[in-house]
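Please find the sequence and the predicted model below.
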Amino acid sequence: MLTSPSTIVAPQPVPRPALLDGVVLLAYVLITTLFTYPLSLNLSTYISTIDSQQFLWTVWWTHRAIEQGATPYFTPYLYYPEGLDLYYHTMNIWYGWVAYPLAKLFGLVVAYNLVALLVFVVACYATYWLAYDITRSRIAGFAAGLLFGFAPTQVFHFSIGQENLHSVLWMPLYVLAVRHWLAPGGRLRWLLTAAIALILTSYADWLHATALLLFSGVLALWVLVAERQQWQATLGRVAWRSAALGGLYTLGIGAVVAQMVAQWFTADTPYMLRPFWDTIYHSADVFGFFVPNPYHPFWGAWAQQQIDNLTIPGILNTTVVLPYMSLALAIVAAVVYGKAARFWLVCAILFAILALGPQLRIAGNLTSIWLPYNLLYDYSILRISRAPGRLVIMTLLALAVLAAIGIQAVLVRLAQHPRARLAYNGAAVLLVALVIFELLPFRRPLWTLPEVPAFFVDGTLDNAGALVEVPFSGNEGMYYQTWHELPILYGEHSRDVIPGRLLFHLRDGITTDDDMMTDARQNWYCALDYYNFTHVVHYHHLGTDYDQEQYTKQIEAFLSTDDMVSSTALATLYRLPTANRSKPCLIVGRNWGTPRAFGSDLPFYRWMEQQSTLGIVLREPGRVRLSLHLHSFAVPRQLAISLAGEPVTTWQVGFEPVPYELELDLPAGLTWLDLMSIEPAVSPTDYGYDETEPVSIGASQVQAEYVGGQTEASGAGQ
């Protein structure tokens, strides 16, 4: 039997024999093993593609945070020495928690893969619970679990290593629990289950949590309409129960959300926001819903080609394929059990429309038709996500429930057949077999684990400090870090955080030929030495051949063969030379132009804009003499220098380079000086030049030295 066709509120659950549930669970384990082969039987050899190395790092860092008693939402290991906030990074915290004991037993990669397989099993099993709760049919529930847990969307996110989006296992559990909690007589256990499932979904992916909240709103409205004859009592019940769930949910996520909000309002640039065109590009195409399974052994290659034809070139969009068995059985459910199926049909259609994004796209062509998602775009959480197509997850879940209702409708009719048992069993086997056949994912892209440079694992870097990696290593460098466990300059944050000027200086130093400093190389070494960078790694296999040629020349210009420690086919390791610790370090701050020559026999200089900054790094507190040459553009100017917002001095600057000196008492560490032209910066185009960026004052021959008492020995410690 089905739950009451006039309402979506479920009755009290019917007891289920544990043995039969165990058989269902075992079947999901076996199917998961088959569907994920060869990875499932080679857990230490294979890994999924594209983003898997980043998520493997996320699991590794979560384990380090657990052991250090630190928050996992800030890491000092990336963007070193500034570190990196991870509140807008795709963390999937619970994934790391579950993998922690497994990593202790089997190692990081095996633990990572085991949890990925566990996600498939639990997602199927939770959907089975949900569908059984509605249909009271194990066969229907079993098929529904497969249709949701192994929908091509889930296989897609698993295959490209997006474990935050693959982790959908809590979503059917939430739907099951919230239905019971909003029903008359809903028990406390359903409240707790719903709150925990929603919290864990949030810690996996905020967009999935948003989808569940939208579902909750639709559910609450549906209950009010279904029980409109006693609407006052229903409204009171739904209101306080929704408030209770919202309160527990807020307790579970409040601390993290508070930090996200704080970052939102204090960030110099809204790096967490995606542009509108990016949202358009990551929306579903109408035809994308109806392409066959792109991972199938028979038609998968053809289906993937059709998906590629619907996708913006260069954009990796979510696969939104709706299984044909889900669609066919949903039609059966709507025809036979119209009232019981209506709510799920509405949800399936609603979230499919939202997955289409703000503007309708058909067969790869963007139309001028605006869609409901456009009304939601201004809400920050959706602008952060950028990918409306991912909301198809709720359509898949609703269709899985509809498929279960459709299967039950078929089986109930066959139970009245003269040869009822044979017809019933035959139909049940056939329907499940068709589901399994359609979902066969035998075209899965997998990678063997990347080779790791030998010097990362053979003890060469024991007691080393931080690493400078060239060229930018991205996800692969994060994977290497799980082996060498040393801080690095770079990292692949999922929201493209803009580094500060210190990091720009440390990253770009190896590519600098000339600067306004008297010794650009020594100032780079000085800053690296202060922040305990000890080695440079040059990756031979990253970047284009031209890039590698340029990087090799730059490294050879800065580092000699005497600095080489080890070399492999993948990378070469250099030890950084010892810096001159008797001098402060100078760092070019913001709003400076590129180096240029004042004349053939004069030092290079840089133009500053209206206001620029200059950094000075001291090992110990002391008095520093800053000397530099200045000249003005267009008109004589006054240069105001301030420190921490307090005025220090003002200089008159003319057209020819003239030396200036300033003595300052500074603390240890990095101090930024603000330099501002009192007269407005002007565009060189107004004076007959080609350049358009406004400039004011040029600086060259910038030097800093300790004034009395500061020696190399006294500055040697950090």
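Nice, thanks for sending it over. These figures come from a predicted structure and were not determined experimentally. Residues are numbered from 1 along each chain as shown.

Hmm, Leu200 is touching Met171, no?
No - with contact defined as CB atoms under 8 Å, Leu200 and Met171 do not form a contacting pair (9.7 Å). Any C-beta I mention is one placed from the backbone N, CA and C, and that applies to glycine too.

okay, those two: which has more neighbours?
Met171 (28 against 22; other CB atoms under 10 Å).

residues in contact with that one?
123, 126, 197, 201, 208, 211-212, 393-394, 397 (CB atoms under 8 Å, 6 or more residues apart in numbering).

of all these, which comes closest to Pro294?
Nearest to Pro294 out of these is Ile393 (CB to CB; 17.1 Å).

can you count the residues close to the closest one?
Neighbour count of Ile393, defined by other CB under 10 Å: 26.

isn't there a helix covering it?
Yes - residue state for Ile393 (DSSP: H, G, I helix; E, B strand; the rest coil) corresponds to a helix.

residues in contact with it?
153, 168, 171, 208, 211, 351.

rerun that using 10 Å as the cut-off
By CB atoms under 10 Å, 6 or more residues apart in numbering, the residues touching Ile393 are 148, 151, 153-154, 157, 165, 168, 171, 205, 207-208, 211-212, 318, 320, 351, 355.

can you give me the end-to-end distance of stretch 596-610?
18 Å (CA to CA, to the nearest Å).

ok, and for that stretch, which residues are buried?
603-610 (16 or more other CB atoms under 10 Å).

before we move on, back to that, so what sits against both of Leu200 and Met171?
Taking CB under 10 Å, 6+ apart as the criterion, Leu200 and Met171 both touch Ala209.

about what we covered before: going by distance to Val470, which of the contacts of Met171 wins?
The closest of the contacts of Met171, once distances to Val470 are taken by CB to CB, is His208, at 37.2 Å.

hang on, the closest one packs against Pro172?
No - between His208 and Pro172 there is no contact under CB atoms under 10 Å: 11.7 Å.

Those two: which is more packed in?
Higher neighbour count among His208 and Pro172: Pro172, with 27 against 24, using other CB under 10 Å.

Just the C-alphas of the helix or strand containing the more buried one, formatted as CSV.
Assessed by DSSP states H and E, Pro172 sits inside helix 170-182. Listed next in CSV are the C-alpha coordinates belonging to helix 170-182 (Å, rounded to 0.1, in the frame of the first residue of the first chain):
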residue,chain,number,x,y,z
TRP,A,170,22.2,12.8,3.8
MET,A,171,19.7,14.3,1.4
PRO,A,172,17.2,11.4,1.2
LEU,A,173,17.5,10.9,5.0
TYR,A,174,16.6,14.6,5.5
VAL,A,175,13.5,14.3,3.3
LEU,A,176,12.4,11.2,5.1
ALA,A,177,12.8,12.8,8.5
VAL,A,178,11.3,16.2,7.7
ARG,A,179,8.2,14.5,6.3
HIS,A,180,7.6,12.7,9.6
TRP,A,181,8.5,15.8,11.7
LEU,A,182,6.0,18.0,10.0
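
List the buried residues of the helix or strand that that helix is followed by.
On the C-terminal side of helix 170-182, the closest following helix or strand by DSSP H and E is helix 188-204. Using 16+ other CB under 10 Å as the test for burial, helix 188-204 gives 190-191, 193-204.

now do stretch 55-73
For stretch 55-73, using 16+ other CB under 10 Å, the buried residues are 55-65, 72-73.

Closest one to Glu549 out of the residues you listed, please.
Trp57 (29.1 Å).

what's near enough to touch the closest one?
75, 77-78, 108, 475, 477-482, 491-492.

Mind putting these into JSON lines with neighbour count?
JSON lines is the format used below for these (neighbours: other CB atoms under 10 Å):
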{"residue": "Thr75", "neighbour count": "25"}
{"residue": "Tyr77", "neighbour count": "20"}
{"residue": "Leu78", "neighbour count": "23"}
{"residue": "Leu108", "neighbour count": "20"}
{"residue": "Asn475", "neighbour count": "19"}
{"residue": "Gly477", "neighbour count": "23"}
{"residue": "Met478", "neighbour count": "24"}
{"residue": "Tyr479", "neighbour count": "22"}
{"residue": "Tyr480", "neighbour count": "26"}
{"residue": "Gln481", "neighbour count": "25"}
{"residue": "Thr482", "neighbour count": "21"}
{"residue": "Gly491", "neighbour count": "25"}
{"residue": "Glu492", "neighbour count": "18"}
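
All set now, cheers.
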